[in-house]
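here is the input, now give the coordinates:
(2 chains)
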Amino acid sequence: MAEIVLDHVSKRFPDGALAVDDVNLTIADGEFVILVGPSGCGKSTTLNMIAGLEDISDGELRIGGEVANQKSPRDRDIGMVFQNYALYPHMTVRENMAFSLKLSKADQSTVDERVNWAAGILDLTGHLDRKPGQLSGGQRQRVAMGRVIVRTPNAFLMDEPLSNLDAKLRVQMRTEVSRLQKRLKTTTVYVTHDQVEAMTLGDRVAVMRGGVIQQVGPPEELYDRPANLFVAGFIGSPAMNFLPATVEGDVLRSPLGELRLPQERRRRLQSDGGGGRAVIIGIRPEHFEDAALVGDKRDQGAVVTANVDLLESLGSDKYAYFTVQSERASAQHLEELAQDAGGIEMTTEEGVQVTARLDSASKAREDEELEFWLDLRRVHVFDPESGENLTVDTKEGGDEAQRQAEPEASRPADTPAADERAEPRTEPGADG
Amino acid sequence: MNTTPRQRIGWGSANVIVVLIAAIPVLWLVSLSFKDPSTITDGSYYPHKWTWDNYSGIFDQPLFTHALVNSIAIALISTFFGVVLGAMAAYAIARLNFPGKRLLVASALLIAMFPPISLVNPMFNLWRTLGIFDTWVGLIIPYMTFSLPLSIYTLSAFFREIPWELERAAALDGATPLQAFRRVIIPLAAPGVFTTAILVFLYCWNDFVFAISLTSTNNARTVPAALAFFTGASQFEQPTGSIAAAAVVITIPVVIVVLLFQRRIVAGLTAGAVKG
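All right, here's what the predicted structure looks like:
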């Protein structure tokens, strides 16, 4: 087990494409860090550089305090789970798991002991003498995990290990991965494009975009205090609603009406002296509520009356969709997010669709007017040009990612705080 | 697949015709090899007077026994080197990007298409000067020249089918590139390796042009060439029966090789490596 440090690491491919741009990240010993981002954001390249499967163009990689740039993969002592498992098809499950131990010339009794131990943990004991071709997808995935845990490497690297499983199995394996990591306390770097996996698994999450780390922090931090539009839009499901607005003195003129943000949310806006300045406001679906259910909090927010276009009841909550008369908020960050989502346009002819998550007690009905209450204390305001979050106190803007890349935000996995977070999360919208 | 009786009859008869066309000359040869010299020309497909004389006769001739040893040794050595070198070259072509790769592949193909007969004359002179005329080496070299392109082509196609992640996984498991190649890639490419080995072996085993031109004595003469030197029991007799017997004998190893390895030549050995 070891600490992994990426120190100004960059990757430039021979064709000149810059896949990873000056990444600084310290992964503490025993920590579970997720690299998340849309496809092509450089997260897999970063992982491959840690594994030694890609050369590092610039910067320094340290594993357990030693510079590892020039070390071959086999000298780094790292276990990796591949997206397509990459099991050796001509070997049995036992041979697959024993392969690395055999190569390191471990004696037979150690090999048997380790393989049986790993098979026990992963519930593979009955399948040890079968070939991968005879196993189901979930079992193959567990064999791939078993292959890395038998030899207690410095770190586990996982490259979208669950993306080939069906939805139900994925949720099950997700908790299994989490439990395994807590149990073995091995430094783990996990790459995924699925923000739900990122939110539920990691001690810390690093959101990447175009080869650059946008923000690093515990999942809650990314969710509550996104550094920019991209992080705000990427994390959370259903996604944050974005609307264009202008700052006018104390109020935000938006398609939802004039919003008067509380003082602590306005500080940055005003210090920037933005009179008539165009901004983008971001509101998470759960920060709306049926105004009838709000009670005495009502005056802390704004009330918007709109026609409910569509209502989805999930039992625990209700999702209400309504349309506001507006242009679509446009910014580079949002366009990239839309592309990643498959180019689904959330704009209808009449305006922008807004998603609100209401309490299940709400009496909202489709095609009827409803008073939506909006929690103004939770509204985010972004700069359309830089994408920067203007409401969250982010010290000095652009340095945010690097500041947070320092290990101060990390906690060793065995502290009580980390254990608490091992509990199944009821992250707002995490399973939506 | 569901087939109607009509389809089954159609395909069945097509198969029977193909097998008959292929088998009739072979069976004829077998029949000839068992015929007594006096009945060779009786025009009967089935031998009326059975005899082993043709077989015992050829094994008494040093011409044939030497040729058989030469054939087996030269074919096996050429196959071994053809496949080993071919596998290494094919692996590099399948996995690496190096300057001149396309040129290498193209020139290998070009060599394979070159008519061997046009090389015989220069080689004859060259081999005599070099002192490898009428030696094993003298035959192994041209055989490898023509079998290597074949093995590089077949094997690189097989290597390309093997997911790259397997080597990466092996590297992370602590394998050197050579260990990964030997313990992961070669076992997976085994069907390809065997297919290639059989093709190369057949090429070397059946060759006549080089064998007749680059040999002059029993030192290196292989069976196809030796057949041309058979004589009858007297100068008035055709050695038809002996030639037929020798032809049958040299067919047997090929049949054995194919029967032994055909079970290895099955696709689908890589099933389960990756989620497909």
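
adjacent strands (with direction) for the longest strand along chain A?
In chain A, taking DSSP state E as the definition, the longest strand is strand A:301-313. As defined by DSSP bridges, the strand partners of strand A:301-313 come to strand A:317-324 (antiparallel), strand A:369-375 (antiparallel).

would you turn those strands into a markdown table with mean neighbour count and mean pLDDT?
(Each C-beta comes from the backbone N, C-alpha and C, glycine too.) Output for the strands paired with strand A:301-313, formatted as a markdown table (neighbours: other Cβ atoms under 10 Å in any protein chain shown; pLDDT from 0 to 100):
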| stretch | mean neighbour count | mean pLDDT |
| --- | --- | --- |
| strand A:317-324 | 20 | 92 |
| strand A:369-375 | 19 | 92 |
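
so can I have CSV of those showing distance to A:A278?
Below are the strands paired with strand A:301-313 laid out as CSV (distance: least, Cβ to Cβ, whole Å):
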stretch, distance to A:A278
strand A:317-324, 17
strand A:369-375, 20
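
mind checking these for the one nearest to A:Q263?
In terms of Cβ to Cβ, the element of these nearest to A:Q263 is strand A:369-375, at 15.3 Å.

residues making contact with the helix or strand that comes right after the closest one?
Downstream of strand A:369-375, the first helix or strand assigned by DSSP states H and E is strand A:380-382. Identification of contacts with strand A:380-382 by Cβ atoms under 8 Å, 6 or more residues apart in numbering or on different chains yields A:226, A:228-229, A:232, A:240, A:242, A:245, A:247, A:252, A:261, A:265, A:269, A:279-283, A:331, A:388-392.

switch the cut-off to 6 Å
Strand A:380-382 has contacts (Cβ atoms under 6 Å, 6 or more residues apart in numbering or on different chains) with A:L229, A:V279, A:I280, A:I281, A:G282, A:N389, A:L390, A:T391.

just these: which are in strands?
Filtering the contacts of strand A:380-382 for strands - DSSP E - leaves A:V279, A:I280, A:I281, A:G282.

put the buried members of those residues into a PyMOL selection.
Buried subset of those, written as a PyMOL selection, criterion 16 or more other Cβ atoms under 10 Å in any protein chain shown:
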select buried, chain A and resi 279+280+281+282
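
just the closest of the ones in strands among the contacts of strand A:380-382 to chain B, please.
A:G282 (37.0 Å; Cβ to the nearest Cβ).

and A:A2, helix, strand or coil?
Following DSSP: H, G, I helix; E, B strand; the rest coil, A:A2 is assigned to coil.

distance-wise, check it relative to chain B.
15 Å (Cβ to the nearest Cβ, to the nearest Å).

number of nearby residues for the spatially closest residue to that residue that is not a sequence neighbour?
Distances taken as Cβ to Cβ, 6 or more residues apart in numbering or on different chains put A:G64 closest to A:A2, at 3.1 Å, once the chain neighbours are dropped. Neighbour count for A:G64, taken as other Cβ atoms under 10 Å in any protein chain shown: 16.

shouldn't B:S147 be in contact with B:W205?
No. When contacts are counted by Cβ atoms under 6 Å, B:S147 is not listed as touching B:W205 (11.0 Å).

how about the helix or strand hosting A:V115: buried residues?
Per DSSP H and E: A:V115 is located in helix A:108-121. Neighbour-count burial for helix A:108-121, counted by 16+ other Cβ under 10 Å, picks out A:V111, A:R114, A:V115, A:N116, A:A118, A:A119, A:I121.

before we move on, back to that, between B:S147 and B:W205, which is the more surrounded one?
Each of B:S147 and B:W205 has its neighbours counted (other Cβ under 10 Å); B:S147 has more, 27 against 23.

just how off-centre is the one helix or strand the more buried one maps to within its chain?
Assigned by DSSP H and E, B:S147 falls within helix B:136-161. Computed by Cα atoms, centre = their mean, to the nearest Å, the chain-centroid distance of helix B:136-161 equals 11 Å.

and the contacts of the helix or strand just after that helix?
Downstream of helix B:136-161, the next assigned helix or strand under DSSP H and E is helix B:164-172. With contacts defined as Cβ under 6 Å, 6+ apart, helix B:164-172 is touched by A:L53, A:P73, A:R74, A:M80, A:F82, A:N84, A:A86, B:A180, B:V184.

next one: stretch A:329-342
Stretch A:329-342 is contacted by residues A:P38, A:L229, A:F230, A:G233, A:F242, A:L243, A:P244, A:I280, A:P384, A:G387 when judged by Cβ under 6 Å, 6+ apart.

how near is whatever residue of chain A ends up closest to chain B to B:A180?
Nearest residue of chain A to chain B, counting by Cβ to the nearest Cβ: A:G133, 2.8 Å away. Distance of A:G133 to B:A180, computed by Cβ to Cβ, to the nearest Å: 20 Å.

can you check B:Y46 too?
From B:Y46 to B:A180 the distance is 57 Å (Cβ to Cβ).

which of these two has more neighbours?
Under the criterion of other Cβ under 10 Å, the comparison of B:Y46 against B:A180 puts B:A180 first, with 21 against 9.

the closest residue to that one other than its chain neighbours: neighbour count?
Nearest non-adjacent residue to B:A180, counting by Cβ to Cβ, 6+ apart: B:A170, 3.8 Å away. Per other Cβ under 10 Å, the neighbour tally for B:A170 reads 25.

could you do A:E221 as well?
A:E221, neighbours per other Cβ under 10 Å, totals 17.

about what we covered before: I'd like to check what contacts the helix holding A:V115. Which residues are they?
By Cβ under 6 Å, 6+ apart, helix A:108-121 touches A:R94, A:M97, A:A98, A:L101, A:T125, A:L128, A:G146, A:I149, A:V150.

want to throw those residues into TSV with secondary structure and pLDDT?
Shown next, in TSV, are the contacts of helix A:108-121 (DSSP: H, G, I helix; E, B strand; the rest coil; pLDDT from 0 to 100):
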residue	secondary structure	pLDDT
A:R94	helix	95
A:M97	helix	94
A:A98	helix	94
A:L101	helix	93
A:T125	helix	92
A:L128	coil	94
A:G146	helix	93
A:I149	helix	91
A:V150	coil	93
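
who wins for neighbours among these?
A:M97 leads the contacts of helix A:108-121 on contacts (other Cβ under 10 Å) with 30 neighbours.

residues contacting that one?
Counted by Cβ under 6 Å, 6+ apart, A:M97 has contacts A:V115, A:A118, A:G146, A:R147, A:V150.

give me that answer again for 8 Å
A:M97 makes contact with A:R114, A:V115, A:A118, A:A119, A:V143, A:G146, A:R147, A:V150, according to Cβ under 8 Å, 6+ apart.

do you have the helices of chain A handy? List them.
With helices called from DSSP state H, chain A shows them at A:43-51, A:73-76, A:93-103, A:108-121, A:137-149, A:167-184, A:195-201, A:219-224, A:229-234, A:263-271, A:332-340, A:400-405, A:416-422.
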